[in-house]
Every structure is written in structure tokens, then in C-alpha cells.
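A.B. asks: sequence and predicted structure, then a few things I'm wondering about:
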Amino acid sequence: MDAMGCVSPTPVRDARRFSIGSYFQDLTRLLGAPRSFFSDLPAQPGYRIPFLFLFFSALFHTGACMTYIVEHRLLMAGVILLNALVMPIAGAASAFLVLHMILGRRRTLDLLYSVYAYAAGVTLLASWIPLFSWITEPWKWILITLGLARTANLSWTRALIALAGSLLLTALFFGSLSPALLALKHALG
């Protein structure tokens with residue numbers, strides 16, 4: 001019940017609708033005031049709006065990457081797009097595990113995914129430029145740490161531990177797939 005004696009509705013997921021205008025508004029806020037952007041994210045953001053933000057950034061990134069890829073363009077476009085969409089969920093899932101198992105913090109996966117998706121989405125717009133990954137990757141990690149501190153109410157130390165743990169777990173997971181992928185490549189080639 002609120003102050004007037006009315007029953008307040010249960011918290012709902014982010015009720016905003018996604019549009020190209022909201023995409024550019026979120027992008028502008030992420031670039032101009034990331035601290036307030038992450039502070040204003042709802043506690044239960046859902047997956048839809050962060051995914052669509054990431055998807056449109058990934059489409060731009062994939063198209064831009066195609067300007068300098070010559071061979072196997074369709075295959076490479078699929079790999080680049082898939083990588084851009086899968087890595088944020090892998091990072092969020094790893095952070096989820098680190099927060100639950102190591103730090104003993106309970107946070108929802110959709111909250112963590114929204115942080116990773118927005119941070120990746122904004123950096124994808126510049127990371128297609130050769131050698132810019134040296135700038136955009138650390139920038140993405142800073143945004144993720146800021147997002148974890150602001151949205152998940154973690155201290156800076158815990159946010160850094162969650163980020164480092166998610167990077168390590170993701171690298172170990174995909175590194176363990178390497179022998180299988182090489183075997184598949186030799187089988188197909």
C-alpha cells in the first residue's frame with residue numbers, strides 16, 4: 001500500500017517500447033552520461049529492449065566490418081553478428097555465476113544482461129575500425145564495471161571482481177571449445 005492507502009502494483013519490467021528514436025536516446029545517454037543511464041535502469045529490465053539495442057548496434061558493426069572483408073563475406077557476416085550477440089550473454093551468465101558462487105550476491109540474469117548488452121552495444125559502433133579494439137574493449141569493461149556498480153548495487157571492488165571473473169570464465173569456456181572447433185574445421189575442410 002502506498003501513502004494514500006492504495007495497493008501499489010507489483011514491479012513490472014521496463015514498460016518502454018523500443019524504437020529507433022529510443023535507440024538513439026539510449027545511445028546518447030550512454031555516451032554522455034553513462035553513470036545516470038545505468039542508475040536509471042529498472043531493477044527488472046527484461047531482455048527485449050537491451051537485446052534490441054544490442055541487435056541494432058551489432059547490425060551496424062557487421063555491416064561496417066564488411067567494408068574490409070573480402071573472402072567468404074556471407075559466412076564472415078554471420079560469424080561477426082553471432083559473436084556480437086552471443087558474447088554479452090556469455091559475459092552476463094559468467095558474471096551471474098561469479099556473483100552467486102564467489103561473492104554470494106543474488107542478482108537477476110536479465111539485470112546483468114542489460115548491463116553487458118548496453119556496454120557492448122555502444123562500443124560495437126566504433127570497434128569495427130581496425131585497431132580500435134584497443135580502445136573499445138577497455139571502454140566496454142569500464143562501462144560494465146560502472147553498470148554493475150550502479151544497477152546491481154555492488155561496490156567498485158565487487159564489480160571489478162565480477163567483471164574479472166566473467167572475463168576469465170568466458171575465456172576459459174571458449175578456449176575449451178578450441179580443440180573441438182579445430183577438429184570440426186579439419187573434418188569439413
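C.D. replies: Good, I have the coordinates.
A.B. asks: which non-adjacent residue is nearest residue 18?
C.D. replies: residue 52 (4.5 Å; C-beta to C-beta, 6 or more residues apart in numbering). To be clear about C-beta, it is placed using only N, CA and C from the backbone, and glycine gets the same treatment.
A.B. asks: pull out the buried positions in the strand or helix carrying the one you found.
C.D. replies: Per DSSP states H and E, residue 52 falls inside helix 48-65. Using 16 or more other C-beta atoms under 10 Å as the test for burial, helix 48-65 gives 49-58, 61-62, 64-65.
A.B. asks: ok, and what's touching it?
C.D. replies: Contact partners of helix 48-65, identified using C-beta atoms under 8 Å, 6 or more residues apart in numbering, comprise 14, 16, 18, 20, 22-23, 26-27, 76-77, 80-81, 84-85, 88, 110, 113-114, 117-118, 120-122, 124-125, 127-129.
A.B. asks: among those, which ones are buried?
C.D. replies: Of the contacts of helix 48-65, these count as buried by 16+ other C-beta under 10 Å: 14, 18, 23, 26-27, 77, 80-81, 84-85, 88, 110, 113-114, 117-118, 120-122, 124-125, 127-128.
A.B. asks: strands of this protein, start to end?
C.D. replies: Counting by DSSP state E, the chain forms no strands at all.
A.B. asks: just the helices from it, written as ranges.
C.D. replies: Under the criterion DSSP state H, the chain carries helices at the ranges 20-32, 34-39, 48-65, 73-97, 109-127, 133-151, 156-188.
A.B. asks: among those, which is nearest residue 103?
C.D. replies: Closest approach to residue 103 among these (C-beta to C-beta): helix 156-188, 5.6 Å.
A.B. asks: which residues belonging to that closest one are considered buried?
C.D. replies: 158, 159, 160, 161, 162, 163, 165, 166, 167, 169, 170.
A.B. asks: where does the chain dip in pLDDT?
C.D. replies: Applying pLDDT under 70 to the chain picks out residues 1-15, 189.
A.B. asks: again, 80 this time
C.D. replies: 1-16, 105, 185, 188-189 (pLDDT under 80).
A.B. asks: now residue 139. Nearest residue, chain neighbours left out?
C.D. replies: residue 123 (5.6 Å).
A.B. asks: give me every residue that touches the one you found.
C.D. replies: Per C-beta under 8 Å, 6+ apart, neighbours of residue 123: 136, 137, 139, 140, 143.
A.B. asks: can I get stretch 106-119 in PDB, CA atoms only?
C.D. replies: Listed in PDB are the C-alpha atoms of stretch 106-119, where the atom choice follows Å, rounded to 0.1, in the frame of the first residue of the first chain:
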ATOM      1  CA  ARG A 106      21.800 -12.500  -5.800                       C
ATOM      2  CA  ARG A 107      21.200 -10.500  -8.900                       C
ATOM      3  CA  THR A 108      18.900 -11.400 -11.800                       C
ATOM      4  CA  LEU A 109      20.300 -12.500 -15.100                       C
ATOM      5  CA  ASP A 110      18.300 -10.000 -17.000                       C
ATOM      6  CA  LEU A 111      19.700  -7.200 -15.000                       C
ATOM      7  CA  LEU A 112      23.300  -8.400 -15.700                       C
ATOM      8  CA  TYR A 113      22.500  -9.000 -19.300                       C
ATOM      9  CA  SER A 114      21.200  -5.400 -19.700                       C
ATOM     10  CA  VAL A 115      24.500  -4.000 -18.400                       C
ATOM     11  CA  TYR A 116      26.500  -6.200 -20.700                       C
ATOM     12  CA  ALA A 117      24.300  -5.600 -23.700                       C
ATOM     13  CA  TYR A 118      24.200  -1.800 -23.400                       C
ATOM     14  CA  ALA A 119      28.000  -1.700 -22.800                       C
END
